[in-house]
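Asker: Following is a predicted model, sequence given first.
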Amino acid sequence: MALISCEGVSMAYGGHVVLTGINFNVEMGNYICVVGENGSGKSTLAKGLLRLMPPASGRITYGDGLVSNRVGYIPQRSPAGADFPAGVYEVVISGCLARRGFMPFYSKNDRQNAIYNMKRLDIESLKDKCFGELSGGQQQRVLLARALCSAGSLLILDEPTAGLDPMAAQDFYDIIDELHSRGDMAIVMISHDVGRALSGATHVLHIGCSQEFFGAREAYLASAAGRKFTGMGEESGAAPDA
Amino acid sequence: MPDLPAILSEMFSYAFMVRAFIVGLLVSLCASILGVSLVLKRYSMIGDGLSHVGFGALAIAMATNTAPLAVSIPIVVAAAFVLLRISENSKIRGDAAIALISTSSLALGVMVISMTTGINTDVCNYMFGSILAMSRSDVYLSVALSSVVLVMYVLFYNKIFAVTFDETFARATGVRAGFYNTMLAILSAVTIVLAMRMMGAMLISSLIIFPALSSMRVLRRFRSVVVSSAVISVVCFVTGIVISYQYATPTGASVVCANIVVFCALSAARFFMNRTGVFK
């Protein structure tokens, strides 16, 4: 049984169908990279997977005991402006909230979990800093720590490196690779940054208003869609490196 | 320098002053902590809109000779629902729609008043507030309702932070953000109606906005901003009511003036902290 299975899913946005014919499964241990042009419906698909938006047709089913309050999610853009007064620790521990249900306060376990995830991502020293004043790369680490607090077995990342400088983006991909190598969760990453994002992935879902490819990374790189999109086709040999 | 203990003991020898003091303290507390979320969620206009709706409701209550709080609380809560839907629905211009509703209820209130009692002291009190407006039953109701607001806020504090900071993440992980937004709007509506009679319909939204903005000048964490807003609000209320008692100025305006002073002082503090590099 897959963590998530999409069967013939189409998504509509403001009455217009933006995505059709999506069929794929997310299995434990998968690292699926979702690629496609701007406006190909990648973020809309993420909304569907997160159940923020119902599919226009088809079915998105959660399996393997996955429930929505055990999904970790990293949004495309930083949620709050620089003037928002929020401490790093406050942000990270808010990831534990969904599991609290109607219990009003965090338990000792939640607090330990938050500290553990901050240590894991090497941001414990930022604990008392203001979220809005951190650099883009630090903010993404904080949001990842929050996502890990809520994640049981699935992490969904919506263009997590958009707006980061190349060094910070590289760092972020390294962290994701490291998390994936532990093998205790599945990762779905939406990305436009094809080169680096693909190198760690096990599977690729290529969409362009409909599903163009889903399968293992090696098969994708060899496919027509993959060669065209990653620029590794016949002309790539002549492409300047700059 | 006037003799403060003497003024205070004289002030509290009047039963109406004690009533005003208790209710004012509680509603200032409620308004300031709710204000942090309202300001950060860009809902400040909702507070202003609700106070105008409250004025219309009070005018109707006065014209029909019914209990003011009993009439205006349901009307303002209903208006809070409508205003929240409007500002969440991006298809309508949210700010324009709120201005439309608030001026409409103001106009309606003025029409009702001029056709019945005419513009008299009561109306002036609704506009600019009066501590004499509190009857004994009003006090019981106000104390009960503001205690409910405070308890709800403390119980749902963590969820309120989550939906204020990042509503999408909260929704994605199964927190019912719509429910908490609605709760925030209802609590604000109740607080506004309770505080309006003392502060006046024209001035009540300052009680919501000022303490939060003042705190955010110098503090950078949500919890510290909430706590400091509560403290600032209470201090400004006490200062305001003492000044209003001593110099016979309107209570609402005096409290707002105290808030203006605090805001300016903290803005100046931030300016100097920026220059000396303490901040950032």
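Answerer: Here it is on my side, so go on. Worth saying up front: this structure is predicted, and the values here are computed from it rather than measured. Residues are numbered from 1 along each chain as shown, chains lettered A, B, ... in the order given.
Asker: going forward, measure contacts between C-alpha atoms and count neighbours the same way
Answerer: Noted.
Asker: Can you give me the neighbour number for the closest residue to chain A within the stretch 51-200 of chain B?
Answerer: Scanning the stretch 51-200 of chain B for proximity to chain A using Cα to the nearest Cα identifies B:Thr173 as nearest, at 4.4 Å. For B:Thr173, the count of nearby residues is 26 (other Cα atoms under 10 Å in any protein chain shown).
Asker: So A:Asn30 sits against A:Arg182, correct?
Answerer: No. Using Cα atoms under 8 Å, A:Asn30 makes no contact with A:Arg182, being 11.4 Å away.
Asker: Who has more neighbours out of those two?
Answerer: Neighbours per residue, other Cα under 10 Å: of A:Asn30 and A:Arg182, the larger number sits with A:Asn30, 21 against 9.
Asker: buried residues in stretch A:14-26?
Answerer: Neighbour-count burial for stretch A:14-26 flags A:18-26 (criterion: 16 or more other Cα atoms under 10 Å in any protein chain shown).
Asker: Which one of those residues is nearest to chain B?
Answerer: Using Cα to the nearest Cα, A:Val26 comes nearest to chain B of the buried residues of stretch A:14-26, at 17.5 Å.
Asker: Quick check, pLDDT for the closest one.
Answerer: Looking at A:Val26, its pLDDT is 89.
Asker: backbone phi and psi for the closest residue to it other than its chain neighbours, please?
Answerer: Residue nearest to A:Val26 in three dimensions, not counting chain neighbours: A:Ile4, with 5.1 Å by Cα to Cα, 6 or more residues apart in numbering or on different chains. The phi and psi values for A:Ile4, taken as degrees, to the nearest 10, are phi -130, psi 140.
Asker: Enumerate the beta-bridge partners assigned to A:Ile4.
Answerer: Note on A:Ile4: beta-bridge partners by DSSP bridges are A:Val26, A:Tyr62.
Asker: Also the one 5 residues further on?
Answerer: Following DSSP bridges, A:Val9 is listed with bridge partners A:Ile22.
Asker: quick one: contacts for B:Phe12?
Answerer: B:Phe12 makes contact with B:Val18, according to Cα atoms under 8 Å, 6 or more residues apart in numbering or on different chains.
Asker: ok, it to chain A distance?
Answerer: Distance check for B:Phe12 against chain A: by Cα to the nearest Cα, to the nearest Å, it reads 38 Å.
Asker: burial of residue 151, as a residue count?
Answerer: Using chain A. 23.
Asker: switch to chain B, that's the one I care about
Answerer: 13.
Asker: Which of the helices or strands spans it?
Answerer: In the assignment (DSSP states H and E), B:Val151 maps to helix B:136-155.
Asker: Please identify the buried residues of that helix?
Answerer: Using 16+ other Cα under 10 Å as the burial criterion, the residues of helix B:136-155 that qualify are B:138-139, B:142-143, B:145-146, B:149-150, B:153.
Asker: can you list the residues that contact that helix?
Answerer: Here helix B:136-155 makes contact (Cα under 8 Å, 6+ apart) with A:104-105, B:19, B:22-23, B:26-27, B:30, B:34, B:69, B:160, B:187, B:190-191, B:194.
Asker: which other helices and strands contact the helix or strand following that helix?
Answerer: From helix B:136-155 onward toward the C-terminus, using DSSP H and E, the following helix or strand is helix B:157-165. Contact here means 3 or more Cα pairs under 8 Å, 6 or more residues apart in numbering or on different chains; DSSP states H and E; on that basis helix B:157-165 packs against helix B:15-40, helix B:177-199.
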